[in-house]
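Q: The sequence and its predicted three-dimensional model are supplied below.
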Amino acid sequence: MDERRPGLDPAVAEVRLAVRQALAVVDPGGVVVVALSGGADSLALAAATAFEAPKRGLRAVSVTVDHGLQEGSGDAAAAAAAQAEALGLEARVVRVAVGTAGGPEAAAREARYAALAAEASALGAAAILTAHTLDDQAETVLLGLARGSGATSLQGMAEASAIDGVLLLRPLLGVGRATTRAACIADGLQPWEDPHNRDTRFARVRVRETVLPVMEAELGPGIAEALARTAAQLREDAAAFDEMIGETIEDIVEHAEAGISVSAAALAANPAALRHRIIRLVVASEFHESLTRSQTLEVARLVTDWTGQGPIDLPGCRARRVGGRIEFSARA
């Protein structure tokens, strides 16, 4: 069914439809927060939310986070808030202090999400909406592939997740960046061009400005869409694995002194992919640490290639074979 009305710009219609579908999971009468940077993606999201939220009886509030990382950031944040108010949204600007842990991108992202979660909590919001697009998803998958960090990174971003107990929605993951820019033009909006989005010091910018265009030129169009489809398929696979693990893990895991243990025979009976996921899940849930693939494989050798080898030091814990079980204990 064609959702467009006569005279409605196709790009505006596409963004509105994506937002309408995302808001369908939010109960009427609630509050939603729109993360608004002032760029084309978030402005298009804000405009569509301003149109769609009232139809579901939702109160929509834009939150612009000023990271204070560049000259004029306060003016840019104020301009974004002014456009949000002109669209009919309530608008808030939050200034944050950005640390250094994990590098500038990660530190800014952590500060931004913390601010959004705090504002959502203060408002009693049912959901936070962010403007990640199909192009952002493709960039995320490529960066995960380059890091060699496995299927978890290649799954990209989920359409719905949570942050500090608040539902996080990404309505535009199926919408291209060209569409959000076209929607802004059609709606007469003036996006802010963040200089950091052109700064090649950042890996994501190099992927956006160099890697993806080269892939499109050499392999043909549709690369971003193909990467996004790959992410969606991997998330489906991950959901199936998670269900299988949930059905299995209670029967094979026992509490042990200073840790937890898993039946070696049960691990051996499972396919390698499931065995490795169980190992990673046990360490993540019990010790709040992530294992690399090489670390996971070393633990798996205690199951599949047991020759009497000693304990294996892992992040936050130690794994060893004790009889017929693999025991994970906290490191001193």
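A: Received the coordinates, thanks. Numbering: from 1, shown residues only.

Q: show me the contacts for Ile249.
A: By CB atoms under 8 Å, 6 or more residues apart in numbering, the contact set of Ile249 is 278, 281-282. C-beta: built from backbone N, CA, C; applies to glycine.

Q: So which residues make contact with the helix or strand where Ala91 lies?
A: For Ala91, the element it lies in under DSSP states H and E is strand 90-95. Contacts to strand 90-95, defined as CB under 8 Å, 6+ apart, come from residues 36, 59-66, 68, 74, 77-78, 80-82, 84-85, 115, 118-119.

Q: Could you check how many residues crowd around Met244?
A: Here the count is done by other CB atoms under 10 Å, and Met244 has 16 residues near it.

Q: Repeat that for the one 4 residues further on.
A: When neighbours are defined as other CB under 10 Å, Thr248 has 16 of them.

Q: contacting residues around it?
A: Contacts of Thr248 were listed using CB under 8 Å, 6+ apart, and they are 266, 270, 274, 278.

Q: how far away is it from Ser261?
A: Counting by CB to CB, to the nearest Å, the gap between Thr248 and Ser261 amounts to 15 Å.

Q: on that earlier part again, buried subset of the contacts of Thr248 as a ChimeraX selection?
A: Once 16 or more other CB atoms under 10 Å is used to decide burial, the buried members of the contacts of Thr248 can be selected in ChimeraX as follows:
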select :266,270,278
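
Q: Just the contacts of Thr248: which are in strands?
A: Among the contacts of Thr248, no member falls in strands (criterion: DSSP state E).

Q: What strands flank the strand holding Ala91, and is each parallel or antiparallel?
A: strand 59-66 (parallel) (DSSP bridges).

Q: Mean confidence (pLDDT) on the partner strand, please.
A: For strand 59-66, mean pLDDT is 95.

Q: after the lengthiest helix in the chain, next one along is what?
A: The residue-count maximum for a helix in the chain (DSSP state H) belongs to helix 223-252. Reading on from helix 223-252 to the C-terminus, the next helix or strand found by DSSP H and E is strand 253-256.

Q: just curious, which of the contacts of Thr248 is nearest to Gly124?
A: Nearest to Gly124 among the contacts of Thr248: Ile278, at 38.1 Å, using CB to CB.

Q: residues contacting Ser62?
A: 33-36, 46, 80-81, 84, 89-92 are the contacts of Ser62 under CB under 8 Å, 6+ apart.

Q: Equivalent analysis for Ala183, please.
A: For Ala183, the contact set (CB under 8 Å, 6+ apart) comprises 9, 11-12, 14-15, 44, 47-48.

Q: Mind doing that once more with 6 Å?
A: Applying CB atoms under 6 Å, 6 or more residues apart in numbering, one finds that Ala183 lies in contact with 11-12, 15, 44.

Q: Three-state assignment for it, please.
A: Three-state assignment for Ala183 (DSSP: H, G, I helix; E, B strand; the rest coil): helix.

Q: how close does it get to Ala80?
A: Here the distance between Ala183 and Ala80 works out to 16 Å (CB to CB).
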